[in-house]
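Asks: The sequence and its predicted three-dimensional model are supplied below.
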Amino acid sequence: MNYAFLIDNRKCIGCHACSTACKAENEVPLGVHRTWVKYVEKGTFPDTRRYFQVTRCNHCAKPPCVPICPTTAMYRREDGIVEFDSQRCIGCKACLQACPYDAIHIDPESGTAAKCHFCAHRVDAGLEPACVIVCPVHAIISGDLEEPRSEIARLLSTQNVAVRKPEQGTRPKLFYIEAEESAISPGFATQQSAQLWSEAPAWGPSDWRGPIQTAPGRMADAMLRSAAAPRETYNVPHRIPWHWQVPAYLVTKALGSGIFLIAAAGVALGVLPPVTLFTTVAPLAALFFIALTGALLVGDLDRPERFWTILTRPQWRSWLTRGAFILFAYALLLAIVSLAQMLGQDRIVAELRWPGVLLAVLSGVYTAFLFAQAEGRDLWQSPLLSAHLLVQAVMAGAAGLLLLGLFVELPAATLAFLVWTFGLALAGNLLLTVGGEFAVPHASAVASAAARMITHGRYAPHYRGSIAGGLLVPLALVIARPGSSAALLLAGILSLAGLLAYEWAFVFAPQQIPNS
């Protein structure tokens with residue numbers, strides 16, 4: 001069996017009976033929606049038309065929300081229904097980031113993920129979903145794609161249908177007959193805070209005005225100038241899933257991985273002396289920042305008391321799970337190294353240096369693979385991200401060691417090595433940011449829109465501040481005054497502040513681009 005939905009837009013009258021039935025059947029709280037009807041209007045009065053689009057989970061054949069879930073709370077049944085188990089969910093919101101359709105939300109009452117689940121309890125009892133039986137014009141059809149005699153199979157074989165975002169490769173199973181392009185393509189229609197019967201909240205569509213601009217002077221500008229441009233006149237708002245803890249965690253993780261990476265590798269290679277700063281202070285400082293990283297990650301969960309579920313029933317395809325184990329293993333190694341150093345067990349410390357370097361690198365870069373699984377945010381799919389995160393870790397680690405080194409007396413050669421490492425990492429970060437992430441063409445219009453929001457839109461102050469204050473000024477200070485404690489202090493602080501500003505823009509801007 002392979003269940004799917006088909007929406008016949010030739011019949012839909014936009015009555016919202018499906019939305020109401022879904023709420024009643026599944027006890028969906030106010031403020032969130034499993035099924036909703038989007039309105040788009042086109043034309044100039046009196047030649048206007050309103051289009052309706054029933055929107056919900058696509059029950060994809062390759063659902064990206066499933067592999068990213070760290071606890072198997074989101075899963076695909078054998079009959080093709082993408083289902084969720086709220087008892088397993090930890091509220092990490094990774095599935096929300098993975099969904100390219102804005103079809104998943106966090107239930108405000110349970111703090112767990114929720115979405116259309118095809119009324120699986122009704123299907124299991126041999127009944128149709130509530131939205132299907134309530135539709136007064138039979139515009140919603142559900143059924144088994146593998147049953148040739150089913151109504152949905154016959155319609156799909158005789159009608160031209162469309163799906164949302166086929167380029168994502170998720171193979172969605174929510175089909176539309178006579179789909180309107182401006183309704184089915186997010187960002188194609190202009191969005192306004194004032195809608196037909198409501199005004200969008202500050203965290204809703206008012207954060208983005210669209211339409212998506214792919215290039216200067218192309219579709220977006222022409223649509224904005226045209227009185228006949230499609231207008232989105234009703235939609236539901238979607239909260240931003242990840243909050244300030246995520247950009248903060250990227251900075252603390254960079255510090256925690258970079259400090260030990262430089263210290264351990266430097267001592268092991270003989271380019272740094274085995275002094276207290278590198279043998280004792282560095283692993284303790286790295287352990288502190290990794291512990292802080294873990295606290296930030298747990299703090300962003302909507303069900304933080306369930307955090308240990310990742311360790312007790314892990315879903316190994318998820319980079320959230322893999323990352324949790326990497327951080328746990330790295331923190332454990334740092335604790336052992338610190339304890340062994342205090343007990344004078346130099347042999348144990350020496351044997352753990354290179355495994356620690358490996359774990360430090362993995363801790364620094366694993367987020368790139370987690371972001372790659374977040375298929376609903378195209379800008380995060382950058383092939384440069386893993387290299388960028390590693391360079392950021394080296395930069396943050398060198399800055400941290402320079403700041404810690406201000407409290408001890410270091411040999412001139414050691415200080416010069418740290419300054420050179422810091423300067424090269426600043427230059428590499430500058431090259432990857434300006435010449436890599438934002439200078440090359442992006443793979444999709446959605447990624448381009450997020451990048452433009454960072455470089456020329458709402459987050460431009462963060463981006464420009466991170467470049468000027470967080471990279472150029474520290475680099476100038478390192479070149480001009482490499483031996484000045486005051487210059488190195490200022491350079492180190494500015495680089496970390498600039499890193500936070502950059503991560504703030506990089507995390508938040510893609511979440512502002514609508515997926516529905």
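Replies: It's in.
Asks: So for residue 212, what's the pLDDT?
Replies: For residue 212, the pLDDT comes out at 44.
Asks: next one: the one 3 residues further on
Replies: Looking at residue 215, its pLDDT stands at 36.
Asks: what helix or strand is the closest residue to residue 484 other than its chain neighbours on?
Replies: Nearest residue to residue 484 in three dimensions, chain neighbours excluded: residue 477, at 7.9 Å (Cβ to Cβ, 6 or more residues apart in numbering). In this view, the C-beta of every residue, glycine as well, is placed from N, C-alpha and C. Element membership for residue 477, per DSSP states H and E: helix 473-480.
Asks: what's next to that helix, contact-wise?
Replies: Outside helix 473-480, the residues that touch it by Cβ atoms under 8 Å, 6 or more residues apart in numbering are 419, 422-423, 426-427, 430, 484, 487-488, 490-492, 494-495, 498.
Asks: For that helix, list every residue counted as buried.
Replies: For helix 473-480, a neighbour-count test (16 or more other Cβ atoms under 10 Å) marks 473-475, 477-478 as buried.
Asks: and it, what's its mean pLDDT?
Replies: For helix 473-480, the mean per-residue pLDDT is 96.
Asks: Could you point out the helix or strand that follows that helix?
Replies: Criterion used, DSSP H and E; the element after helix 473-480 is helix 485-512.
Asks: Kindly calculate the angle that that next one makes with helix 473-480.
Replies: Interaxial angle, helix 485-512 versus helix 473-480 (axes from the mean of the first three to the mean of the last three Cα atoms, to 10 degrees): 150 degrees.
Asks: Please list all residues in contact with the closest residue to residue 474 other than its chain neighbours.
Replies: Nearest non-adjacent residue to residue 474, counting by Cβ to Cβ, 6+ apart: residue 491, 3.8 Å away. By Cβ under 8 Å, 6+ apart, residue 491 lies in contact with 399, 402, 422, 473-475, 477-478.
Asks: what's the closest of these to residue 173?
Replies: Of all the contacts of residue 491, residue 173 sits closest to residue 399, with 49.2 Å by Cβ to Cβ.
Asks: Surely that closest one touches residue 422?
Replies: Yes - between residue 399 and residue 422 there is a contact at 6.1 Å, judged by Cβ atoms under 8 Å.
Asks: what's the overlap in contacts for those two?
Replies: By Cβ under 8 Å, 6+ apart, the residues touching both residue 399 and residue 422 are 491-492, 495.
Asks: Any chance of a markdown table for these, columns pLDDT and distance to residue 234?
Replies: Formatted as a markdown table, the shared contacts of residue 399 and residue 422 follow (pLDDT from 0 to 100; distance: Cβ to Cβ, whole Å):
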| residue | pLDDT | distance to residue 234 |
| --- | --- | --- |
| 491 | 97 | 51 |
| 492 | 97 | 51 |
| 495 | 97 | 46 |
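Asks: circling back: distance of the residue nearest to residue 484 relative to residue 276?
Replies: 26 Å (Cβ to Cβ, to the nearest Å).
Asks: and what of residue 308?
Replies: The value you get for residue 308 to residue 276, if Cβ to Cβ is used, is 35 Å.
Asks: just the helices in the stretch 1-150 of the chain please.
Replies: 17-26, 65-68, 94-98, 120-124, 130-134 (DSSP state H, counting those that start in this stretch).
Asks: avg pLDDT for the shortest one?
Replies: So that's helix 65-68. For helix 65-68, the mean confidence score works out to 97.
Asks: Output the contacting helices and strands for that helix.
Replies: On a contact count with 3 or more Cβ pairs under 8 Å, 6 or more residues apart in numbering; DSSP states H and E, helix 65-68 meets strand 74-76, helix 94-98, helix 346-373.
Asks: residues in contact with that helix?
Replies: 74-76, 82, 94-95, 97-99, 104, 315, 317-320, 370, 373-374.
Asks: can you count the residues close to residue 350?
Replies: Other residues near residue 350 number 16, with proximity taken as other Cβ atoms under 10 Å.
Asks: got a pLDDT number for it?
Replies: 95.
Asks: which residues sit in contact with it?
Replies: With the criterion set at Cβ under 8 Å, 6+ apart, residue 350 makes contact with residue 268.
Asks: right, and out of the shared contacts of residue 399 and residue 422, which lies closest to residue 140?
Replies: Among the shared contacts of residue 399 and residue 422, and counting by Cβ to Cβ, the member closest to residue 140 is residue 495, at 54.7 Å.
Asks: how close does that closest one sit to residue 502?
Replies: From residue 495 over to residue 502 (counting by Cβ to Cβ), the distance is 10 Å.
Asks: what do these two both touch?
Replies: Contacts common to residue 495 and residue 502, judged by Cβ under 8 Å, 6+ apart, are residue 470.
Asks: Show me which parts of stretch 30-38 are buried, residue by residue.
Replies: Buried residues in stretch 30-38, counting neighbours by 16+ other Cβ under 10 Å, are found at 32-38.
Asks: Just put those residues in CSV and tack on pLDDT and distance to residue 69.
Replies: Below are the buried residues of stretch 30-38 laid out as CSV (pLDDT from 0 to 100; distance: Cβ to Cβ, whole Å):
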residue, pLDDT, distance to residue 69
32, 92, 19
33, 93, 21
34, 95, 18
35, 96, 22
36, 94, 23
37, 95, 28
38, 93, 26
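Asks: Least confident secondary structure element in the protein?
Replies: Lowest mean confidence among the helices and strands of the chain (mean pLDDT, DSSP states H and E): helix 219-225, at a mean of 37.
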